[in-house]
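J.: Provided below for reference: sequence and predicted model.
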Amino acid sequence: MRAVVQRVRRAAVRVGEQEVARIGRGLCVLLGVGDGDGPGEAVELASKIAQLRIFPDEAGQMNRSLLDVEGEALVVSQFTLYADCRRGRRPSFSHAARPEVAEPLVATFIRALSQAGVKVQSGQFGALMLVEIENDGPVTIVLDSQDLRRPRRQRRDRGADPDPCERRL
């Protein structure tokens, strides 16, 4: 599963002329399901997102999670996160899960996020949606369930520059 997680001040989803979901402060989660994904990935990714410390504390440091700030989540299914653009000009979506597989896994993800203690709203699976967000920060993070199981990169030899993401300011 892949998720684009955006910290928002507010977010909403419309299908046609009807608003189907609206949240205040929290996270907008664009969620894609890939071939081979299962309930384990959905639960693991939901747990990660609920506990991801990307909200500021009193000192302005990103130290608080969605649960800590009692924020909401808006989950929008988005198969285009599995676009393969390596060849040609038209993306291939062959690595995205079929709708009959993806829909129950999106529901599992939403249920797991809710069971973690997050108030969750969602878009409408398979519909053409208009997603409106007010990105806060902006803070946007991309997560892939396959990456959650990989070990972190080890630091290079002492003489080499450290990974820029590991530098302390």
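T.: Here it is on my side, so go on.
J.: Tell me which residues are up against whichever strand in the chain runs longest.
T.: Identified as the longest strand of the chain according to DSSP state E is strand 129-144. With contact meaning C-beta atoms under 8 Å, 6 or more residues apart in numbering, strand 129-144 is reached by 1-15, 20, 25, 28, 30, 45, 48-49, 52, 54, 62, 76, 123. Where C-beta positions appear, they are placed from N, C-alpha and C, glycine not excepted.
J.: Weed out the non-buried ones from these.
T.: When the contacts of strand 129-144 are checked for burial by 16 or more other C-beta atoms under 10 Å, the buried set is 1-8, 10-14, 25, 28, 30, 45, 49, 52, 54, 76, 123.
J.: Take those and keep only those in helices.
T.: Judged by DSSP state H, helices contain the following of these: L45, I49.
J.: Can you tell me the closest non-neighbouring residue to G32?
T.: Nearest residue to G32, sequence neighbours excluded (C-beta to C-beta, 6 or more residues apart in numbering): L81, at 3.0 Å.
J.: do the same with G71
T.: Nearest one to G71, counting by C-beta to C-beta, 6+ apart, is G26 at 3.4 Å.
J.: That neighbour pairs with what?
T.: Beta-bridge partners for G26, by DSSP bridges, are V8, E72.
J.: Verify the contact between it and L67 for me.
T.: No - applying C-beta atoms under 8 Å as the test, G26 and L67 come out as separate, 10.6 Å apart.
J.: Looking at the two, which is more packed in?
T.: Each of G26 and L67 has its neighbours counted (other C-beta atoms under 10 Å); G26 has more, 25 against 15.
J.: And that one, what's its pLDDT?
T.: For G26, the pLDDT comes out at 98.
J.: ditto for R167
T.: Confidence at R167, expressed as pLDDT, is 49.
J.: next one: R156
T.: 61.
J.: for this protein, which spans come out with low pLDDT?
T.: By pLDDT under 70, the low-scoring segments of the chain are 154-169.
J.: just so I have it, where are all the strands in it?
T.: 2-15, 18-23, 26-32, 55-56, 62-64, 72-77, 119-122, 129-144.
J.: Distance of the most centrally placed residue in the chain relative to C85?
T.: Among the residues of the chain, the one closest to the centroid is A3, at 3.1 Å (C-alpha atoms, centre = their mean). From A3 across to C85, the span is 19 Å (C-beta to C-beta, to the nearest Å).
J.: Over to G24?
T.: Distance from G24 to C85, by C-beta to C-beta: 34 Å.
J.: Redo the strands of the chain as TSV? Include distance to R90.
T.: Formatted as TSV, the strands of the chain follow (distance: least, C-beta to C-beta, whole Å):
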stretch	distance to R90
strand 2-15	20
strand 18-23	29
strand 26-32	18
strand 55-56	38
strand 62-64	38
strand 72-77	21
strand 119-122	29
strand 129-144	22
